[in-house]
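S.K.: for reference, the sequence and a predicted model appear below.
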Amino acid sequence: MKLFEVVPSELFSVLASPNRELYADALDVLYEAYGDSLKIPESEYYRVLRNRLEQQLNQTSFEGEDIDEEERQDASGKTRFLIRKLGSRGWFEKERGRDFNSFEEYLTIPSYSARILEMFHQLRDNQPMRGFSYVYGTYSTLTMANQGDSYEKMMAVYSAYDNTRALIKMLQTVYGSIKSYFQKQIDMSDVNQVLAAHFDDFGQRVVEAYIRPLKVKDSVPRYRFLIQSVLNEWLEDQDVLMAMASAALQDQRRDTLENCRYDLVGKILWVKDRYERIESEYLDEIDQQVRRYTRATTQKLENLTNRDQSTRGNLNYLLSRLARNKRADALVEKIQPVFQIFEQSYLSEKSLWLRKRPVRKPLAETLSVEKETLSDSAMDMAKELLASPYGKVALEKYMRQRFGDKKVLYSKDMDVHDDYTYVMSLEAVLHGKDRNSFYWVEEMEGSYQEGAYTIPQFKLIRKEDK
């Protein structure tokens, strides 16, 4: 579906006009006035808009716009014009109240407008956005659903898929934010600006809001194994998969039972694959960008500080030569308009008080720390994951046997005849997108059916051995 089949074609025209700043403020007032209501009286929006933007309205002439001369006379008329203009462009719709004896009209916000207004407000907000606990949310949902029925397991799979997608989007946002701070740093020429940008903006909006929670509270390494173990348990139990597929069909997730099963298996494999790669392809890349930014900030501060020291050194040399020059009085009069020169003195550390001598503290008794070891249950789970027939090692061995001496494999070459080969064929497609895989995947149109199993058409190509 095309964009302007969803939103009106002139929706963004107000943001391209010479008075776009005023229209943007009016839209933000609309967002705040709307709040969590289903609808707002037009008179209420008129009152808030006029009070908030009265000074801007008086300074705006609306030259070249279709405003009536009567409306142009004062802030009240300009406010009515703003409301009419935003309504005609599709930012809100009007409806009459239920009381037929009243002429009150109400404004309702369409879904597309609500999403855009929410995004605009977030961009204008100076408060740092906090990341959600996507990893812990996925872990807790899967753990609770593992003790529940098939419907809860099915909902947990879709919830884990949505949370993982949101996590990836958040990591992309963090990566892009770090890149933007690089560009801001280039334009800075003051030491205080660089320090404020690093500790206040970058430290609060990126590190404290996103990176630190991922490292401490919402840690991927902490919950990754537990998430994958639950998904592996469901993936290996065909009865559980069919029960979840039946629940998904009743929930109208897909049109047939086989499609529901295919969709659930695909989402489980996708979540497992993302948690397998998230540290190497996302978190490590972000850490590297943070180190590069921190190193660049340190170099920027050193350069600015050295330049400042060099300036002070030149000024000190100039004043020293003036003090030894017999014509210093005449030269001082010439440079006085350029430099503000005052006599300086200082107080030593002993002028007002005496430094307290430090007192050596007695050594505390040594505490013994017990070495933490993994529990037997955690070790059993780790061994079970490593020995899983659907694990990464097993998949690598299976695909090398499937390739043999061949350079290319197609869907028909996967020999899908039971549940094991069906799952391995789907996991092979996901693994082919991994940079560390010995082959790469080329997706094709259509699907291939072999017996009761249907898989997408694809082409697997072995990479050249180095």
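M.R.: Looks like it came in fine.
S.K.: at the geometric centre of this structure, which residue do we find?
M.R.: The centroid of the chain falls nearest to residue 170 when counting by C-alpha atoms, centre = their mean (2.4 Å).
S.K.: buried ones in stretch 162-177?
M.R.: Buried residues in stretch 162-177, counted by 16 or more other C-beta atoms under 10 Å: 163, 164, 167, 170, 171, 174, 177. C-betas here are computed from N, CA, C, even on glycine.
S.K.: check the third one and give its pLDDT.
M.R.: pLDDT, residue 167: 86.
S.K.: ok, now how distant is it from residue 274?
M.R.: Separation of residue 167 from residue 274 (C-beta to C-beta, to the nearest Å): 8 Å.
S.K.: same thing with the first one?
M.R.: Distance of residue 163 to residue 274, computed by C-beta to C-beta: 11 Å.
S.K.: give me the residues contacting the longest strand belonging to the chain.
M.R.: Assignment by DSSP state E gives strand 439-450 as the longest strand of the chain. With C-beta atoms under 8 Å, 6 or more residues apart in numbering as the test, strand 439-450 has contacts from 399, 403, 409, 411-412, 415-417, 428-429, 432-433, 454-463.
S.K.: narrow the residues you listed to those that are buried.
M.R.: Burial by neighbour count, judged by 16+ other C-beta under 10 Å, picks out 399, 403, 409, 411, 416, 428-429, 432, 454-456, 458, 460, 462 from those.
S.K.: could I get the residues you listed as a markdown table with secondary structure?
M.R.: Listed next are the buried ones among the contacts of strand 439-450 as a markdown table, based on DSSP: H, G, I helix; E, B strand; the rest coil:
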| residue | secondary structure |
| --- | --- |
| 399 | helix |
| 403 | helix |
| 409 | strand |
| 411 | helix |
| 416 | coil |
| 428 | helix |
| 429 | helix |
| 432 | coil |
| 454 | strand |
| 455 | strand |
| 456 | strand |
| 458 | strand |
| 460 | strand |
| 462 | strand |
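S.K.: just these now: which is nearest residue 8?
M.R.: Nearest to residue 8 out of the buried ones among the contacts of strand 439-450 is residue 456 (C-beta to C-beta; 37.3 Å).
S.K.: count the neighbours of the spatially closest residue to that closest one that is not a sequence neighbour for me.
M.R.: Setting aside the residues directly before and after it, residue 456 is nearest to residue 447 in space (C-beta to C-beta, 6 or more residues apart in numbering), at 5.3 Å. For residue 447, the count of nearby residues is 12 (other C-beta atoms under 10 Å).
S.K.: I figured residue 135 hits residue 166, correct?
M.R.: No - Residue 135 lies out of contact with residue 166 (C-beta atoms under 8 Å); the separation is 10.5 Å.
S.K.: could you list the low-pLDDT ranges of the stretch 351-466 of the chain?
M.R.: In the predicted model of the stretch 351-466 of the chain, residues 351-359, 361, 364, 367-388, 465-466 satisfy pLDDT under 70.
S.K.: show me where it has its helices.
M.R.: Applying DSSP state H, counting those that start in this stretch to the stretch 351-466 of the chain gives helices spanning 376-386, 392-403, 419-431.
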